[in-house]
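Trainee: Need coordinates for the below:
(chains A and B)
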2 protein chains.
Amino acid sequence: MTKIPLSPTARSTVRRGHKRARTDRTDLYALLDSCLVCHVGLVVDGAPVVLPTGYGRDGDTLYLHGSTGAASMMAAAAGTPVSVAVTRLDGVVYARSVFHHSMNYASAVVHGVATPIHDREAKLHALRVLTEHLAPGSWAATRPPTRKELAATMVLALPMYEASVKVRSGPPGDDDGDVAAAAAWAGVLPLERSWRTAEPCPLLPPGTPIPPHVAGRRTPTAP
Amino acid sequence: MTKIPLSPTARSTVRRGHKRARTDRTDLYALLDSCLVCHVGLVVDGAPVVLPTGYGRDGDTLYLHGSTGAASMMAAAAGTPVSVAVTRLDGVVYARSVFHHSMNYASAVVHGVATPIHDREAKLHALRVLTEHLAPGSWAATRPPTRKELAATMVLALPMYEASVKVRSGPPGDDDGDVAAAAAWAGVLPLERSWRTAEPCPLLPPGTPIPPHVAGRRTPTAP
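Mentor: Residues are numbered from 1 along each chain as shown, chains lettered A, B, ... in the order given. Okay, here's the model as predicted:
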């Protein structure tokens, strides 16, 4: 695995709130591994478009996929630059002033050009990474893609050379005067994600047990 | 409140997965009111940029805010078109085939041009909407913005004329052959968000109670 520091370019250098910037790739990987949805931005007909989608990560490569008929996937596959953001909200920061209210979060933005994967083995590998990120254990437990399904799926690889990561944690950063006045409560209300009990498909044969890779799944924000 | 149907233009008409499209504004409002973070996309130097930020909603208006020194806020304030996406992940859909794995979610994308708010009263109103969305009860309970803080804050109003909403819920949509084969478990693993116990700021006077608007806050995904 390469060890390129993050933020090698002007646009991926955090300017606002630079104290929150992280430049170690392990922070990027930890964030990506703890979330499931990214937001892909691209320019279509001169205007910005942002779309939510799933993703998978293998080392420094981010995989995206979608229907071969989706306009956004076709644009990205044709080489239009993309900006991919992943954000995890960890809590709301209640300050003593309206102004210093904030959020605790981890966020990353990756800039680059994605490449479509056509080679069958490489495509299957990427789909396995995507599937195992969304639903760990499902690749081995469910029917693999048919030739037709593979053809209908566009898979893109985005190298994560240019990226920025920001993390905010901890209590509010109130002004000294507001702290001394002690006129308002201040602190953090942490937000937690957790899996509820699995809901079996109504079409399953009665009595089908929930497999361990589903029933025992850890929360996506677990470190 | 106006009752304009959603998706009046080609780019905001859902093409992929059109069965998941919603055209009632109440679906848009419900989604926005249940989430806290949006992803704003804009075009900077010809390339797409996606940034996470908070927001507030008042009727058909989406409010955004940030530092007056932030390049993205300045670009948006100058009239460059924005695309704002809000996504709530409700669960992972485990199918009997890799291909039909999916997510249950609600997502919205708003397209438009935002306008900076300069009028003092209008700006205070927007900041109240933003603050009460992030931290209900905080506007009345904490120190209001000073003149200097107001000047340092850029507030933008984005009219929600052009928007698309997609919602997926329910069990997987497996092929009949895979259902009949009954070779794999299938169903949904719902994802839940909840507030953990509030963490008071270490600089509070000892014994300061957690106020009801914090301790009794409902989860953001509550309907």
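
Trainee: from the chain's centre, how far out does the longest helix belonging to chain A sit?
Mentor: Using DSSP state H, we find that the single longest helix of chain A is helix A:120-134. Mean-position distance between helix A:120-134 and its chain equals 16 Å (C-alpha atoms, centre = their mean, to the nearest Å).

Trainee: what helices or strands is the helix or strand following that helix leaning on?
Mentor: From helix A:120-134 onward toward the C-terminus, using DSSP states H and E, the following helix or strand is helix A:138-141. Under the contact criterion of 3 or more C-beta pairs under 8 Å, 6 or more residues apart in numbering or on different chains; DSSP states H and E, helix A:138-141 touches helix A:120-134. Yep, even glycine has a C-beta here, placed from its N, CA and C like the rest.

Trainee: Is the helix it packs on positioned near chain B?
Mentor: Yes - Helix A:120-134 is in contact with chain B by C-beta under 8 Å from any C-beta of the partner chain, via A:L127, A:T131, A:L134.

Trainee: So which elements touch that helix?
Mentor: strand A:47-54, strand A:56-58, strand A:61-67, helix A:138-141, helix A:147-152, strand A:153-159.

Trainee: Pull the CA coordinates from it and hand them back as PDB.
Mentor: Once non-C-alpha atoms are left out, helix A:120-134 reads as follows in PDB (Å, rounded to 0.1, in the frame of the first residue of the first chain):
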ATOM      1  CA  ARG A 120     -14.100  -9.600 -16.200                       C
ATOM      2  CA  GLU A 121     -11.800 -10.600 -13.300                       C
ATOM      3  CA  ALA A 122     -11.100  -7.100 -12.200                       C
ATOM      4  CA  LYS A 123     -14.800  -6.200 -12.400                       C
ATOM      5  CA  LEU A 124     -15.700  -9.200 -10.200                       C
ATOM      6  CA  HIS A 125     -13.000  -8.200  -7.700                       C
ATOM      7  CA  ALA A 126     -14.400  -4.700  -7.500                       C
ATOM      8  CA  LEU A 127     -18.000  -6.000  -7.100                       C
ATOM      9  CA  ARG A 128     -16.800  -8.200  -4.400                       C
ATOM     10  CA  VAL A 129     -15.200  -5.300  -2.600                       C
ATOM     11  CA  LEU A 130     -18.400  -3.200  -3.100                       C
ATOM     12  CA  THR A 131     -20.700  -6.100  -1.900                       C
ATOM     13  CA  GLU A 132     -18.500  -6.900   1.100                       C
ATOM     14  CA  HIS A 133     -18.500  -3.300   2.200                       C
ATOM     15  CA  LEU A 134     -22.300  -3.000   1.900                       C
END
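
Trainee: thought A:V167 was touching A:K19?
Mentor: No - contact between A:V167 and A:K19 fails when scored by C-beta atoms under 8 Å: they sit 10.0 Å apart.

Trainee: Over to stretch A:75-86 now: how far is its first residue from its last?
Mentor: 20 Å (C-alpha to C-alpha, to the nearest Å).

Trainee: ok now it, how far from the chain's centre?
Mentor: 15 Å.

Trainee: Show me what counts as buried in that stretch.
Mentor: Neighbour-count burial for stretch A:75-86 flags A:A75, A:A76, A:A77, A:T80, A:P81, A:V82, A:S83, A:V84, A:A85, A:V86 (criterion: 16 or more other C-beta atoms under 10 Å in any protein chain shown).

Trainee: quick one: strands adjacent to the helix or strand of chain A with the lowest mean pLDDT?
Mentor: Every helix and strand in chain A was compared by mean pLDDT, DSSP states H and E; the lowest is strand A:21-22, with a mean of 82. Strand pairing for strand A:21-22, determined by DSSP bridges: strand A:162-168 (antiparallel).

Trainee: average pLDDT for the strand it pairs with?
Mentor: For strand A:162-168, mean pLDDT is 94.

Trainee: tell me the angle it makes with strand B:47-54.
Mentor: Strand A:162-168 and strand B:47-54 are oriented at 10 degrees to each other (axes from the mean of the first three to the mean of the last three C-alpha atoms, to 10 degrees).

Trainee: which one is the residue of chain A positioned farthest from its centre nearest to, not counting chain neighbours?
Mentor: Largest separation from the mean C-alpha position in chain A: A:A181, at 40.3 Å (C-alpha atoms, centre = their mean). Once flanking residues are discounted, A:A181 sits nearest to A:R96: 7.3 Å by C-beta to C-beta, 6 or more residues apart in numbering or on different chains.

Trainee: check contacts around the one you found.
Mentor: Going by C-beta atoms under 8 Å, 6 or more residues apart in numbering or on different chains, A:R96 touches A:P172, A:D174, A:D175, A:D178, A:V179, A:A181, A:A183, A:A184, A:A186, B:T142, B:R143.

Trainee: Only the buried subset of those, as a PyMOL command please.
Mentor: The buried residues among the contacts of A:R96 can be selected in PyMOL (16+ other C-beta under 10 Å) with this line:
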select buried, (chain A and resi 172+174+175+178+179+184+186) or (chain B and resi 142+143)
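
Trainee: Tell me where the model's unsure across chain A.
Mentor: For chain A, applying pLDDT under 70 flags the ranges A:1-8, A:10-18, A:220-223.

Trainee: Make CSV out of the residues of helix A:120-134 next to chain B and add neighbour count.
Mentor: Formatted as CSV, those follow (neighbours: other C-beta atoms under 10 Å in any protein chain shown):
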residue, neighbour count
A:L127, 24
A:T131, 23
A:L134, 20
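
Trainee: quick one, what contacts A:L150?
Mentor: A:R120, A:K123, A:L124, A:L127.

Trainee: What distance do you get for the third one to A:E149?
Mentor: The gap separating A:L124 from A:E149 is 11 Å, by C-beta to C-beta, to the nearest Å.

Trainee: what's the overlap in contacts for those two?
Mentor: With C-beta under 8 Å, 6+ apart as the test, A:L124 and A:E149 reach no residue in common.

Trainee: ok, back up a step: what sits up against the longest helix of chain A?
Mentor: Contacts of helix A:120-134 (C-beta under 8 Å, 6+ apart): A:33, A:36, A:54-58, A:63, A:65, A:117, A:138-139, A:144-145, A:150, A:153, A:155, A:157, B:92, B:98, B:101, B:103.

Trainee: Separate out the buried members of the residues you listed.
Mentor: Buried subset of the contacts of helix A:120-134 (neighbour count, 16+ other C-beta under 10 Å): A:36, A:54-58, A:63, A:65, A:117, A:138-139, A:145, A:153, A:155, A:157, B:92, B:98, B:101, B:103.

Trainee: thinking again about what came up before, quick one: which of the helices and strands packed on helix A:120-134 is nearest B:Y29?
Mentor: strand A:47-54 (18.4 Å; C-beta to C-beta).

Trainee: Let me see the residues that make contact with that closest one.
Mentor: The list of residues contacting strand A:47-54 from outside it, by C-beta under 8 Å, 6+ apart, reads A:36-43, A:64-66, A:72, A:130, A:133-134, B:11, B:39-43, B:48-50, B:81-85, B:87, B:103, B:105, B:107, B:109, B:111.

Trainee: Sitting in strands, which of those do you find?
Mentor: A:37-43, A:64-66, B:39-43, B:48-50, B:82-85, B:87, B:103, B:105, B:107, B:109, B:111 (DSSP state E).
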